[in-house]
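> Provided below are the primary sequence and the corresponding predicted coordinates.
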Amino acid sequence: MTNKTYPDFKVLLVDDEESFLRSLAIALERSARITNILRESDSRRVADIIAREDVGLVLLDLTMPHLSGEKLLPMILEEHPDTAVIVVTGINQLETAVECMRLGAYDYCVKTDELSRIISGVSRAVETVELRRVNSDLQKRFLAKGPSDLAPFSSIITRDKTMFSILGYLEAVAKSHQPILVTGESGTGKELVAKTAHTLSRATGEMISFNVAGLDDTMFSDTLFGHVKGAFTGAFDRRLGLIEQAAGGTLFLDEVGDMSPASQIKLLRVLQDKEFYPLGSDRPKQLNARIVAATNRDLEAMRAEGTFRKDLFYRLSTHHVHLPPLRKRLDDIPLLVRHFIGLVARELGKSIPAIPTELYVLLRNYPFPGNIRELGAMIYDAVSVSDSKVLSLATFRRRIGHLVQPGQDPIKREGIPEQLFEELETLPTLEQTALQLMQEAMRRADGNQSIASRLLGISQPALSKRLKRLLS
């Protein structure tokens, strides 16, 4: 089985020490999956290589014979501004580092540093170059394929085509005053999308968040609309409702699928009339906030069942963003893993551990019912207990368990039709079926028998034994 090179562009390593080039290339491949590598020990050839090859990142030594890195750095950045350069040198001088960064170097690493420091810097640079290239491509294709400016979406970690299309749509509707409905499973980032929509709207007011789940009608009304002094027993002072607090900004209503029928009616009236009454008041106040609503419930199904008002659904879904689950965004898993590892390491004051390649394969084959939130929790737990330079797989395996749970009916697993062989005129033999199934599991597991066995719900020794028997 052939493995796809990563990244799509070349990573050029430039150093006059051949032994360092070899060791660095091996480390990048083992710890960061970077396989699309060029090595060059003669600095005089660098300009021609960059002109000829699609080089996105250069790791550059400063002290070299013939042509020094100090002369190459400004030359590369001037002639190839989209190429990132990381200086990797034995010179540990603050003045040199400052000058390199001033010229435009992406990062400055000293060879005597821990290798994980260099590798994490390269991983970040690769991600940055990838995002730059995506941004450039999106600008060429305008909103049809994604947003024209990625800067407001910096908090949304993705390179998924569907997500970019969603971001382009969000950019297009963000300045509208009409409501936005954000749907998707728990943990997909609905509130993050709401915050991004608020930022894109360039509203002068704040974004106020309100989770409506589990609130009775009175609490819903008091929290949303506020009350005047003396409105009820215990109302000694006037209370400003969240709609007023969000004036000129965004009111984010989370879990709207869990609103009571009475609360649904009240929200509908606000959206229809653009006004509301604080409890105890007969003087209306104007709605002056953008409404963004979110839910993990299927509102269309609830509308058909009669448990969610049709008119409210239509009002809320003037603009509709549906976020795909993480299992539909598999290419985002490496980005998210590195992002969360960096966040947790900084929070806990730890060095960033190297990531074993097997981790990505393991996570790509897990359905993630809790989506990005669940992945973040896994990473936090794993980094917290990690005491080595390489992140351990043990913590992830304990949390994930068997990918086929004991007692689970494999036929009813998501995405597998119940009548799998219905269209076949001739049924395959059990041995043929078993062989194809195991080969597919090995493909999905990138050749890792331990992960493939988890996919099949059997032990690794059992898988190995069956493969040997069927392939012999």
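Looks like it arrived, so ask away. Here the structure is a predicted model, which means the values were calculated and not measured.
> mind checking the end-to-end distance for stretch 386-395?
This stretch, stretch 386-395, spans 9 Å end to end (CA to CA, to the nearest Å).
> adjust the sequence numbering to begin at 17 for everything that follows.
Will do, 17 is the new start, and the previous item becomes stretch 402-411.
> other residues contacting that stretch?
47, 130, 132, 357, 366-367, 369-372, 374-375, 378, 394, 397-399, 401 (CB atoms under 8 Å, 6 or more residues apart in numbering). (C-beta placed from N, C-alpha, C; glycine too.)
> filter the residues you listed to the buried ones?
Buried members of the contacts of stretch 402-411, counted by 16 or more other CB atoms under 10 Å: Ser47, Ser132, Ile357, Pro369, Ala370, Ile371, Pro372, Leu375, Leu378, Met394, Ala398, Val399.
> from those residues, which single one is nearest Thr174?
Ile357 (16.9 Å; CB to CB).
> mind listing the strands for this protein?
Using DSSP state E, the strands found in the chain span residues 26-30, 53-56, 71-76, 100-105, 123-126, 196-199, 223-227, 242-243, 255-256, 266-270, 291-292, 301-302, 306-311, 335-338.
> which one of these lies closest to Arg459?
Nearest of the strands of the chain (CB to CB): strand 53-56, 24.9 Å.
> please flag which of the contacts of stretch 402-411 sit within helices.
Mapping these onto helices (DSSP state H) picks out Ser47, Ser132, Ile357, Glu374, Leu375, Leu378, Met394, Asp397, Ala398, Val399, Val401.
> can I get the residues you listed in JSON lines with distance to Pro97 and pLDDT?
Output for the ones in helices among the contacts of stretch 402-411, formatted as JSON lines (distance: CB to CB, whole Å; pLDDT from 0 to 100):
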{"residue": "Ser47", "distance to Pro97": "29", "pLDDT": "81"}
{"residue": "Ser132", "distance to Pro97": "29", "pLDDT": "83"}
{"residue": "Ile357", "distance to Pro97": "29", "pLDDT": "94"}
{"residue": "Glu374", "distance to Pro97": "37", "pLDDT": "85"}
{"residue": "Leu375", "distance to Pro97": "34", "pLDDT": "90"}
{"residue": "Leu378", "distance to Pro97": "38", "pLDDT": "86"}
{"residue": "Met394", "distance to Pro97": "38", "pLDDT": "94"}
{"residue": "Asp397", "distance to Pro97": "41", "pLDDT": "93"}
{"residue": "Ala398", "distance to Pro97": "38", "pLDDT": "93"}
{"residue": "Val399", "distance to Pro97": "35", "pLDDT": "94"}
{"residue": "Val401", "distance to Pro97": "42", "pLDDT": "91"}
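> what's the closest of the residues you listed to Val71?
Out of the ones in helices among the contacts of stretch 402-411, the member with the shortest distance to Val71 (by CB to CB) is Ser47, at 21.1 Å.
> surely that closest one is in contact with Ile371?
Yes. Here Ser47 reaches Ile371: they are 6.8 Å apart, a contact under CB atoms under 8 Å.
> where does pLDDT dip in the protein?
Residues of the chain meeting the criterion pLDDT under 70: 17-20, 147, 150-162, 164, 417-435, 488.
> so what's the residue nearest to the spatial centre of it up against?
Nearest to the mean C-alpha position of the chain, counting by CA atoms, centre = their mean, stands Ile173 at 3.7 Å. By CB under 8 Å, 6+ apart, the residues touching Ile173 are Asp348, Leu351, Leu352, His355.
> again with Ser139
Ala48, Ile50, Arg354.
> for Arg49, see how far away it is.
Going from Ser139 to Arg49 by CB to CB, to the nearest Å gives 9 Å.
> what does Leu351 give?
For Leu351, the distance to Arg49 - CB to CB - is 12 Å.
> same check, this time on Ala317
Going from Ala317 to Arg49 by CB to CB gives 41 Å.
> ok, those two, which is more surrounded?
Neighbours were counted for Ala317 and for Arg49 using other CB atoms under 10 Å; Arg49 has more, 18 against 11.
> one step back: which among the contacts of Ser139 count as buried?
Neighbour-count burial within these applies to Ala48, Ile50, Arg354; the criterion is 16+ other CB under 10 Å.
> of these, closest to Val101?
Checking the buried ones among the contacts of Ser139 against Val101 with CB to CB, the nearest one is Ile50 at 15.8 Å.
> which residue is the nearest non-sequential neighbour of the closest one?
Excluding the flanking residues, the one nearest Ile50 by CB to CB, 6 or more residues apart in numbering is Leu44, at 4.2 Å.
> same thing with Gln452?
The shortest distance from Gln452 to any non-neighbouring residue, by CB to CB, 6+ apart, is to Pro444 (7.4 Å).
> list the buried residues for stretch 346-358?
Asp348, Ile349, Pro350, Leu351, Leu352, Val353, Arg354, His355, Phe356, Ile357, Gly358.
> show me the contacts for the third one.
Counting by CB under 8 Å, 6+ apart, Pro350 touches Arg49, Tyr376.
> what do you get for the last one?
For Gly358, the contacting residues are Ser136, Arg140, Ile368, taking CB under 8 Å, 6+ apart as the criterion.
> take the residues you listed and write them to CSV, including neighbour count and distance to Pro277.
Listed next are the contacts of Gly358 as CSV, based on neighbours: other CB atoms under 10 Å; distance: CB to CB, whole Å:
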residue, neighbour count, distance to Pro277
Ser136, 24, 53
Arg140, 18, 50
Ile368, 22, 51
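> Ser297: which of those is nearest?
Among the contacts of Gly358, and counting by CB to CB, the member closest to Ser297 is Arg140, at 54.1 Å.
> so who does the closest one touch?
Asp123, Arg354, Gly358.
> what's the closest of those residues to Arg414?
Arg354 (21.6 Å).
> for the closest one, which non-adjacent residue is spatially closest?
The nearest residue in space to Arg354 (CB to CB, 6+ apart) is Ser139, at 5.7 Å.
> and for Gly246?
Gly296 (6.5 Å).
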